[in-house]
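In: no sequence on this one, just coordinates:
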């Protein structure tokens, strides 16, 4: 199975909002609510930001929000801060009972 | 707090075997599905395998099927990944990841990882 499709990079200025897309198929993103988003700083382990497409675990800033429409999920970060500069990955449950990750998106805060 | 500590990584020749371990603490291990996820140097995340909370259901990525075996020992609060017939493309940091709830659909808390290098 191919990885979910994410833009390689996005950028924004402090205070702005950005969105990262994650495109799959009806056998993964489009077929289930189980889309998650992760943040990974260099040399660190990933951290769960969003689960079930739009839910935030406790302790995650409400500046992070998720949505899903059809075969595409999106992560929106509002009020960009320097500390948000990191790699972001989506993942989705699939019809084969496996998981797929996206290729990752590097966020640069200008 | 949840802690996951991986061990067992190292340098192995192609065709060799390695067994990774993950020691869990800070939560009721037997109640959660557990995943292995890997990351090749400079690359993105790749899901490897998952075991359900009761160990009855196990699923693998195509790249791991037939070569890797995930298992758990609830009495020792430990997760394992037996890796056989290793290839250079298996070189990666391997993360042990606690699942969200008892299900197998959402990796939640991640360990710091253990490094596996396949090289002659």
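Out: Happy to help now that I have it. Nothing here was measured: the structure is a model prediction, and the numbers come from that model.

In: For the longest strand along chain A, give the mean pLDDT please.
Out: Assignment by DSSP state E gives strand A:86-93 as the longest strand of chain A. In this model, strand A:86-93 has a mean pLDDT of 98.

In: Name the strands paired with that strand and say parallel or antiparallel.
Out: Under the criterion DSSP bridges, strand A:86-93 sits next to strand A:35-40 (antiparallel), strand A:99-101 (antiparallel), strand A:105-109 (antiparallel) in its sheet.

In: will you turn those into TSV that also has mean neighbour count?
Out: Yep, even glycine has a C-beta here, placed from its N, CA and C like the rest. Shown next, in TSV, are those (neighbours: other Cβ atoms under 10 Å in any protein chain shown):
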stretch	mean neighbour count
strand A:35-40	25
strand A:99-101	24
strand A:105-109	17
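
In: Now mean pLDDT too, for the ones you listed, in a markdown table please.
Out: Shown next, in a markdown table, are those (pLDDT from 0 to 100):
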| stretch | mean pLDDT |
| --- | --- |
| strand A:35-40 | 98 |
| strand A:99-101 | 98 |
| strand A:105-109 | 98 |
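
In: For the residue located most distally from the centre of chain A, which three-state class applies?
Out: In chain A, counting by Cα atoms, centre = their mean, residue A:96 sits farthest out from the average C-alpha position, at 21.3 Å. For residue A:96, the reduced secondary structure class is coil; criterion used: DSSP: H, G, I helix; E, B strand; the rest coil.

In: Next to chain A, which bits of chain B? Give me the list.
Out: B:35, B:37, B:44-47, B:50, B:57, B:59-62, B:95, B:100, B:104-113 (Cβ under 8 Å from any Cβ of the partner chain).

In: Going along the chain, name the strands of chain A.
Out: A:9-12, A:18-23, A:35-40, A:47-50, A:64-69, A:72-77, A:86-93, A:99-101, A:105-109.
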